[in-house]
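Asks: what's the 3D shape of this:
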Amino acid sequence: MLDMASGVASKTKAENVRVTLADEIVAGKLVPGSKLAEEQLAERFGISRTPIREALKQLQAMGLVDYQPHRGAKVIGIQAAHVLETYAVVLAACAELAEARMDSGMRAEVEGGDDATALDVLSRAVRNPVLAELLAGLDARARPFLSGPVPVREAILKGAGGPNAITVLRESVTGGGDATSTF
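Replies: Now for the predicted structure:
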């Protein structure tokens, strides 16, 4: 939905619910097996059940809940390894695209900034809003599972878009090991 005054896409009610519930699931506030009742969620968010149903369908597509119409939804376990591996692969792909598309001003921002700045530049440099949104969502999902900062700045400056980018970023994201715990 586009806000005509600002020209910026605003989130729908369903998107707001999806983001909030996804954050709660990833953060462990909603544990695997927790039931998500449409009526209670509608009351909590002060909206009708229609956007709640849409949010639950989106959460199911993300692999966070098992949703059955007329039966409700339950939170399912998240494999940290799956989230981290997907994040590393998408981050590497973005680094490769950004390396080819980054202008000198963007490179200067990366050189003078930190990893958060580099991630912001990376999102802009890919020049693909779908990919940038995917990266932002994965970054948010991966953060609770990360043991430390991801060297996005270093990866961009060293040209991590090369053939070893996935390996380098996966090792950084997973700490070199196999993060197989379920949350």
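Asks: Not counting residues beside it along the chain, what's closest to Glu24?
Replies: For Glu24, ignoring the flanking residues on the chain, the nearest one in space by C-beta to C-beta, 6 or more residues apart in numbering is Leu30 at 4.6 Å. (C-beta placed from N, C-alpha, C; glycine too.)
Asks: same check, this time on Val152
Replies: Excluding the flanking residues, the one nearest Val152 by C-beta to C-beta, 6+ apart is Ala118, at 4.2 Å.
Asks: Next, count neighbours for the nearest residue to Ser34 once chain neighbours are set aside.
Replies: Once flanking residues are discounted, Ser34 sits nearest to Val75: 4.4 Å by C-beta to C-beta, 6+ apart. Close neighbours of Val75, defined as other C-beta atoms under 10 Å, add up to 20.
Asks: The residue nearest to Val152 reaches Glu111, doesn't it?
Replies: No. With contact defined as C-beta atoms under 8 Å, Ala118 does not count as touching Glu111 (9.3 Å).
Asks: Give me the more crowded residue out of these two.
Replies: Comparing Ala118 with Glu111 by other C-beta under 10 Å, the one with more neighbours is Ala118, at 25 against 12.
Asks: show me what contacts the residue nearest to Val152?
Replies: When contacts are counted by C-beta atoms under 8 Å, 6 or more residues apart in numbering, Ala118 touches Val110, Val152, Arg153, Ala155, Ile156.
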